[in-house]
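# Structure, please.
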Amino acid sequence: MTERKPKKQTLQQRIKFEHLIARISTMFINLKPDNIGRGIQQALESIGNFAGADRSYVFLISEGGTCADNVYELSLIHI
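You can find the predicted model right below:
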């Protein structure tokens, strides 16, 4: 019985994450090109809140993998 509870919690967390990804994906499908940047910020906020993070980032990795640019950043600390 005690082994089932952590597995059930893990499964419930996985289902919540998959719902979040589906919601974000749907949002991007319906976005106009002019709103992509704002959509990325909203996705960062949703994923960061889900993960309990203070900050979330999107890095663009160069084709050769030698350079990484921080292209989006969001602070999730609310004072």
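# and the residue sitting nearest the centre point of the chain, what does it touch?
For the chain, residue 47 is the residue whose C-alpha lies nearest the centre (C-alpha atoms, centre = their mean; 3.0 Å). Counting by C-beta atoms under 8 Å, 6 or more residues apart in numbering, residue 47 touches 20, 24, 53, 56. For every residue, glycine as well, the C-beta is placed using N, CA and C.
# State the helix or strand in which it lies.
According to DSSP states H and E, residue 47 maps onto helix 36-51.
# mind listing what's buried in the helix or strand following that helix?
Next helix or strand after helix 36-51 toward the C-terminus (DSSP H and E): strand 55-61. For strand 55-61, a neighbour-count test (16 or more other C-beta atoms under 10 Å) marks residue 56 as buried.
# ok, back up a step: how about the contacts of residue 47 in a markdown table, adding distance to residue 42?
Formatted as a markdown table, the contacts of residue 47 follow (distance: C-beta to C-beta, whole Å):
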| residue | distance to residue 42 |
| --- | --- |
| 20 | 12 |
| 24 | 8 |
| 53 | 15 |
| 56 | 11 |
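# tilt between the longest helix belonging to the chain and helix 36-51?
Criterion DSSP state H: the longest helix present in the chain is helix 4-30. Between the axes of helix 4-30 and helix 36-51, defined by axes from the mean of the first three to the mean of the last three C-alpha atoms, to 10 degrees, the angle is 170 degrees.
# tell me what helix 4-30 is packed against?
helix 36-51 (3 or more C-beta pairs under 8 Å, 6 or more residues apart in numbering; DSSP states H and E).
# For the helix it packs on, give the mean pLDDT please.
Mean pLDDT, helix 36-51: 94.
# Next up, the contacts around the residue lying closest to residue 56 once chain neighbours are set aside.
Leaving aside its sequence neighbours, residue 56 sits nearest to residue 48 (C-beta to C-beta, 6 or more residues apart in numbering; 3.6 Å). Taking C-beta under 8 Å, 6+ apart, we find residue 48 in contact with 54-56, 74, 76.
# what's the most distant pair in the residues you listed?
Using C-beta to C-beta, the two most remote members of those are 54 and 74, lying 10.0 Å apart.
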